[in-house]
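> Just need the structure, nothing else, for what follows:
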Amino acid sequence: MDCNGTRDNRSDRGRGTVSCMERGSAWVDCRSSDVDSICRDHRFSTYLLCDCYRSPDPEHGPTRNSSYTQAVKFYLGGKNQRWCGLFANESLYGAGIAYNITAASSVRAIQRSNCYHKEGHNASCAYGDTFYMVLFGVIQIVMSQIPDFHNMEWLSIVAAIMSFSYASIGLGLGFAKVVENGMIKGSIEGISASNTADKIWLVFQALGDIAFAYPYSLILLEIQDTLKAPPPENKTMKKASMSAILITTFFYLCCGCFGYAAFGDDTPGNLLTGFGFFEPYWLIDFANACIILHLVGGYQVYSQPVFAFVERWVTRKFPNSGFVNKFYTLKLPLLPAFQMNLLRICFRTTYVISTTGIAMIFPYFNQVLGLLGALNFWPLAIYFPVEMYLVQKKIGAWTRTWIILRTFSLVCLLVSIITLVGSVEGIISAKLS
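Down below sits the predicted model:
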């Protein structure tokens with residue numbers, strides 16, 4: 001999907017699958033009520049968005065909006081669609097940065113796990129991230145030139161298996177550690193801080209991490225467009241969304257809570273790379289290998305829509321340019337011939353280099369996820385769904401429903417602002433330290 005509403009359902013389903021990432025101490029900086037609050041916010045806005053698929057009637061209306069940006073344009077006009085496209089592409093670009101950071105951390109974790117197993121748990125086993133980030137970037141430069149890579153059906157299947165595998169391993173290791181300890185560490189107040197201000201910053205940052213964990217607003221209408229009626233698509237999608245939100249929340253809460261119960265204030269930001277667990281080392285290696293495999297493909301699933309949008313725009317802007325429009329056939333040994341384009345090579349390579357460079361400058365897992373969650377939570381998950389619903393239902397200003405929805409949107413905006421401030425403070429503090 002791009003700013004123009006162009007969609008590909010296979011790609012959208014893939015993005016929905018690869019958006020699951022492991023969480024650690026970020027979750028325990030917030031009370032369970034905070035997690036439940038954001039979960040309910042997403043559920044509510046999802047219900048509003050499901051009703052925007054058909055118009056004017058949400059169940060039987062003749063007009064269908066088969067993508068998020070198409071719906072924004074239909075209900076709110078072209079200007080809002082452009083803003084929506086900006087946030088959508090920023091979200092996809094940010095995911096590439098986060099995936100680079102996480103993949104590099106997982107490669108390093110495998111090396112450290114094997115080192116601890118051989119040298120003992122007190123060995124230094126220090127490895128940097130930079131080399132692995134560059135390696136990940138090189139792999140993505142090559143993969144970005146594969147035509148229609150993001151549309152390959154097996155990506156969704158592999159991503160689902162990998163997600164379930166490493167999430168289950170993280171949950172299981174946390175539970176096993178609690179049993180081994182024979183006690184529950186930590187407190188109901190979450191991770192302690194040296195002062196109240198630091199604790200507030202941690203809570204704000206954690207809210208951003210939680211918001212980042214529910215990123216599927218952009219793909220909801222694309223998935224809904226694949227459903228068959230009867231029953232009405234919006235009713236089916238609401239039930240499916242409820243199940244998805246509950247299952248996702250269950251896994252995230254279990255990983256976060258079992259991790260905190262196992263390690264208390266020493267809970268790592270990423271349970272599988274922060275080395276709260278040392279054994280069984282082979283299981284930790286396998287879990288991190290699942291993460292790496294997941295993210296190698298996931299990077300392309302998130303990046304290809306940005307590639308398509310920019311290349312389509314440049315092609316329209318410069319229709320007579322050979323650099324933009326001329327294709328060359330390349331045939332490598334043992335591989336089928338494929339078309340190469342200078343614009344594609346230059347732009348996609350620059351894009352990957354830029355995400356890799358930012359990841360190297362700010363290699364801070366929780367802080368970066370918090371920042372991305374803060375930037376995208378309100379506009380994509382709250383503001384546009386609320387505004388579209390108000391237009392579709394023709395809800396008048398200052399009516400009871402109008403006041404409730406506007407208040408809901410305003411509160412979520414305030415949450416996003418404080419979360420953004422907390423995440424920026426966390427990145428600055430991490431950089432300075």
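
> How much space separates the closest residue in space to residue 391 that isn't next to it in sequence from residue 52?
Closest residue to residue 391 apart from its sequence neighbours, by C-beta to C-beta, 6 or more residues apart in numbering: residue 75 at 4.5 Å. Just so you know, the C-beta spots here come from the backbone N, C-alpha and C atoms, and that holds for glycine as well. To residue 52, residue 75 is 7 Å away according to C-beta to C-beta, to the nearest Å.

> which residues are in contact with both of these two?
Shared contacts of residue 75 and residue 52 (C-beta atoms under 8 Å, 6 or more residues apart in numbering): 388, 392.

> Poorly predicted segments of this protein, please.
1-39, 148-153, 190, 214-216, 274-277 (pLDDT under 70).

> on that earlier part again, quick check: the residue nearest to residue 391 vs residue 179, distance?
52 Å.

> quick one, strands of the chain?
For the chain, the strands defined by DSSP state E cover 54-55, 63-64, 327-330, 338-341.

> on that earlier part again, same drill for residue 75 and residue 52, tell me which one is more crowded.
residue 52 (27 against 19; other C-beta atoms under 10 Å).

> Name all residues that make contact with the residue nearest to residue 391.
52, 55, 387-388, 391-392.

> between those residues, which has the most around it?
When neighbours are counted by other C-beta under 10 Å, residue 52 leads the contacts of residue 75 with 27 neighbours.

> Who are the contact partners of the spatially closest residue to that one that is not a sequence neighbour?
In space, residue 52 comes closest to residue 388 once its chain neighbours are excluded; the distance is 4.6 Å by C-beta to C-beta, 6+ apart. When contacts are counted by C-beta under 8 Å, 6+ apart, residue 388 touches 48-49, 52, 71-72, 75-76.

> Tell me the buried residues within those residues.
Applying a neighbour-count criterion of 16 or more other C-beta atoms under 10 Å, the buried members of the contacts of residue 388 are 48-49, 52, 71-72, 75-76.

> Let's have these in a markdown table, adding distance to residue 111.
Formatted as a markdown table, the buried ones among the contacts of residue 388 follow (distance: C-beta to C-beta, whole Å):
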| residue | distance to residue 111 |
| --- | --- |
| 48 | 46 |
| 49 | 43 |
| 52 | 48 |
| 71 | 46 |
| 72 | 45 |
| 75 | 51 |
| 76 | 49 |
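
> ok, back up a step: now go through the contacts of residue 75 and say which are in helices.
387-388, 391-392 (DSSP state H).

> got these as TSV, with distance to residue 41 columns?
As requested, those are exported to TSV (distance: C-beta to C-beta, whole Å):
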residue	distance to residue 41
387	16
388	16
391	20
392	20
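
> Show me the two of the residues you listed that sit farthest apart.
Maximum pairwise distance in those, criterion C-beta to C-beta, is 9.7 Å, between 387 and 392.

> who touches the nearest residue to residue 137 once chain neighbours are set aside in this structure?
Nearest in space to residue 137, with sequence neighbours left out and distances taken as C-beta to C-beta, 6+ apart, is residue 356 at 3.5 Å. By C-beta under 8 Å, 6+ apart, the residues touching residue 356 are 100, 133-134, 136-137, 140.

> what about 10 Å?
Residues counted as contacts of residue 356 (C-beta atoms under 10 Å, 6 or more residues apart in numbering) are 96-97, 100-101, 104, 130, 133-138, 140-141.

> Next one: it from residue 375, what distance?
According to C-beta to C-beta, residue 356 stands 20 Å off from residue 375.

> cool, residue 104 as well?
22 Å.

> So between the two, which is more surrounded?
The neighbour comparison of residue 104 against residue 375 (other C-beta under 10 Å) goes to residue 104, with 28 against 21.

> check contacts around the closest residue in space to that one that isn't next to it in sequence.
Distance criterion C-beta to C-beta, 6+ apart; nearest residue to residue 104, sequence neighbours excluded, is residue 132 at 3.8 Å. Contacts for residue 132 (C-beta under 10 Å, 6+ apart) come out as 100-101, 103-108, 110-111, 292.

> Out of the residues you listed, which is nearest to residue 280?
residue 110 (13.4 Å).

> what about the closest one, how many residues close to it?
For residue 110, using other C-beta under 10 Å, the count is 21.

> just checking, it touches residue 290?
No: look at residue 110 against residue 290 with C-beta atoms under 10 Å: they stay out of range, at 11.1 Å.

> can you pull the alpha-carbon coordinates of stretch 263-271 into PDB?
Taking Å, rounded to 0.1, in the frame of the first residue of the first chain, the C-alpha atoms of stretch 263-271 are listed here in PDB:
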ATOM      1  CA  PHE A 263      14.800 -11.000  37.100                       C
ATOM      2  CA  GLY A 264      13.200  -8.100  38.900                       C
ATOM      3  CA  ASP A 265      15.100  -4.900  38.400                       C
ATOM      4  CA  ASP A 266      17.700  -6.700  36.400                       C
ATOM      5  CA  THR A 267      15.200  -7.600  33.600                       C
ATOM      6  CA  PRO A 268      16.900  -7.000  30.200                       C
ATOM      7  CA  GLY A 269      15.200  -4.800  27.600                       C
ATOM      8  CA  ASN A 270      15.100  -7.800  25.300                       C
ATOM      9  CA  LEU A 271      14.700 -11.100  27.000                       C
END
